[in-house]
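Engineer: what's the 3D shape of this:
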Amino acid sequence: MAAEKGSRSGRCANDLMVGLATLNSERLVLRPLAESDAEAMHHFFSDEDAMRYWSSGPHKTLDETRAYVRTNATDPKYLTWAITEDGEEALGWVCLIPGREGVAEIGYNLRRSQWRKGYVRESVTAVIDHGFKALGLRRISADTDPDNLGSNALLENLGFQREGYLREEWTTHLGVRDSIIWGLLKREWDAR
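Structural biologist: Now for the predicted structure:
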């Protein structure tokens, strides 16, 4: 999804990225992703199980991961936070992709050794809260593979509504895949 406009306040995605805030949750520090995070992120991007439902297959080389991380760290259409325990080593990331004014898509990943600790829920919650309160978003969406049970359960638990099922939407390393579209509105998040 390309960044057409920024938040309700009229700021463009590039303006939002320049001031990307460090977010703190109970156990985590979410800081802006840096190009230097590539080696740490390679733990995720080279892992076949972790990449099962990603839009591309596992990375074969660190250079492939470096290019991917560089894009997410520097391209203004991606607002990407590194998930860390202490502000240092990146364990994964949460990304907002601004679209139309007041709307963004969320995506996330986490190295497999950190699964089942609640880190994704904690970091995604912090970014959603920041998106609605600080960035002026009115809607956040997500796009998941129907077989990604963990991600689908997380989104539903966070209050996202299943809004659509797109048949044969993606061609990935797994072949042609369907997609579930999830949506969360600011007013629904505020009412929780």
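Engineer: roughly how far apart are residue 82 and residue 129?
Structural biologist: 18 Å (CB to CB, to the nearest Å). Backbone N, C-alpha and C define where each C-beta goes, glycine included.
Engineer: of these two, which one has the most company?
Structural biologist: With neighbours defined as other CB atoms under 10 Å, residue 82 and residue 129 compare such that residue 82 has more, 28 against 14.
Engineer: secondary structure class for the more buried one?
Structural biologist: When classified by DSSP: H, G, I helix; E, B strand; the rest coil, residue 82 comes out as strand.
Engineer: numbering from 34 from now on, please.
Structural biologist: Right, with 34 as the first residue, what we last looked at is residue 115.
Engineer: now it: how far from residue 77?
Structural biologist: 11 Å.
Engineer: same thing with residue 144?
Structural biologist: Counting by CB to CB - residue 144 and residue 77 are separated by 5 Å.
Engineer: who touches both of those two?
Structural biologist: 83, 125 (CB atoms under 8 Å, 6 or more residues apart in numbering).
Engineer: report pLDDT for residue 35.
Structural biologist: According to the prediction, residue 35 has pLDDT 26.
Engineer: still on that earlier bit, who's more crowded, residue 144 and residue 77?
Structural biologist: Each of residue 144 and residue 77 has its neighbours counted (other CB under 10 Å); residue 77 has more, 23 against 20.
Engineer: where's that one, which helix or strand?
Structural biologist: Per DSSP states H and E: residue 77 is located in helix 71-78.
Engineer: what's the first helix or strand after that helix?
Structural biologist: Helix 71-78 is succeeded, C-terminally, by helix 95-107 (DSSP H and E).
Engineer: packing partners of that next one?
Structural biologist: Helix 95-107 sits against helix 71-78, with contacts defined as 3 or more CB pairs under 8 Å, 6 or more residues apart in numbering; DSSP states H and E.
Engineer: at 10 Å what do you get?
Structural biologist: On a contact count with 3 or more CB pairs under 10 Å, 6 or more residues apart in numbering; DSSP states H and E, helix 95-107 meets helix 71-78, strand 112-117, strand 125-131.
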